[in-house]
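*Asks:* with the input below, show me the fold.
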Amino acid sequence: MTDARNVFGEPLAECCTKPMTGFYRDGSCNTGPEDLGLHTVCTKVDAAFLAFSRAAGNDLSTPVPEFGFPGLKPGDCWCLCAERWKEALEAGKAPKVRLTATHEATLEIVPLEVLGQFMRLISLSVRLFANMLAGHMLILTFIGLIFVLQSVVLAVIAVPAATVFYIFEVVIVVSIQAFIFAALSAIYIGSAIEPEH
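*Replies:* Predicted structure coming up:
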């Protein structure tokens, strides 16, 4: 179990220790021959999924101390059975997945493309945030040089340079980022709702 891999083929990351999860109750979504249910999908459960699971006959909210199961509440991380996650996905109730902590055995049941749809929103958000932050950091660097070098002469160069860069950022970079964000959103949404061929 020491060489367990995630869906990317990298070392399997820990899923959760509070509550202690995993078939082996070691905090990771590891699996083995004893794990007939394939508890390999690291998820962050929500109320909709817990209600779906209860209705499907698998009450994950009620503690079962004799099996070391504390009962889950919305926001808890837990290693789910791959088949149960797939059922929830088909019903539109699948919880979020942490791919770096999801065991590669999951790919036998759920394709990586399906799991990846849950990461697209995060990738868009991180991309937009990083690009906005980088522009603002560069402007702060121009202005900060005045104070670090304590030079009035530098202010004559740094302030206009920061102003020009700010105008460039607002007019060009923001427009490009808005276009890319809208285009990628349309592609992701389109691929998610497109009927199968």
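
*Asks:* and the nearest residue to Cys79 once chain neighbours are set aside, how close does it get to Gly9?
*Replies:* Distances taken as C-beta to C-beta, 6 or more residues apart in numbering put Cys29 closest to Cys79, at 3.9 Å, once the chain neighbours are dropped. Every C-beta, even on glycine, is put in place using the N, C-alpha and C of the backbone. The gap separating Cys29 from Gly9 is 15 Å, by C-beta to C-beta, to the nearest Å.

*Asks:* so those two - more neighbours on which side?
*Replies:* Cys29 (34 against 7; other C-beta atoms under 10 Å).

*Asks:* the more buried one reaches Thr43, doesn't it?
*Replies:* No - taking contacts as C-beta atoms under 8 Å, Cys29 lies outside contact range of Thr43: 9.1 Å.

*Asks:* tell me which element Glu87 falls in.
*Replies:* Secondary-structure assignment from DSSP states H and E places Glu87 in helix 82-90.

*Asks:* what residues sit buried inside that helix?
*Replies:* Ala82, Arg84, Trp85, Lys86, Glu87, Ala88, Leu89 (16 or more other C-beta atoms under 10 Å).

*Asks:* which of the residues you listed lies closest to Asn58?
*Replies:* Taking C-beta to C-beta as the measure, Asn58 lies nearest Arg84 of the buried residues of helix 82-90, at 6.6 Å.

*Asks:* got a pLDDT number for the closest one?
*Replies:* The model reports Arg84 with a pLDDT of 88.

*Asks:* that one against Ser53, yeah?
*Replies:* Yes - taking C-beta under 8 Å as the definition, Arg84 is a contact partner of Ser53 at 6.9 Å.

*Asks:* mind listing the strands the helix or strand just after the helix holding Glu87 pairs with, and their directions?
*Replies:* Moving toward the C-terminus from helix 82-90, the first helix or strand encountered (DSSP H and E) is strand 96-97. The strands beside strand 96-97 in its sheet (DSSP bridges) come out as strand 39-44 (antiparallel).

*Asks:* other residues contacting the following helix or strand past the partner strand?
*Replies:* Downstream of strand 39-44, the next assigned helix or strand under DSSP H and E is helix 47-55. Residues outside helix 47-55 that contact it (C-beta atoms under 8 Å, 6 or more residues apart in numbering) are 43, 59-61, 72-74, 84, 88, 91, 93-95.

*Asks:* for the record, mean pLDDT for stretch 180-195?
*Replies:* Rounded mean pLDDT across stretch 180-195 is 70.

*Asks:* ignore what I typed, I meant stretch 36-44.
*Replies:* For stretch 36-44, mean pLDDT rounds to 90.
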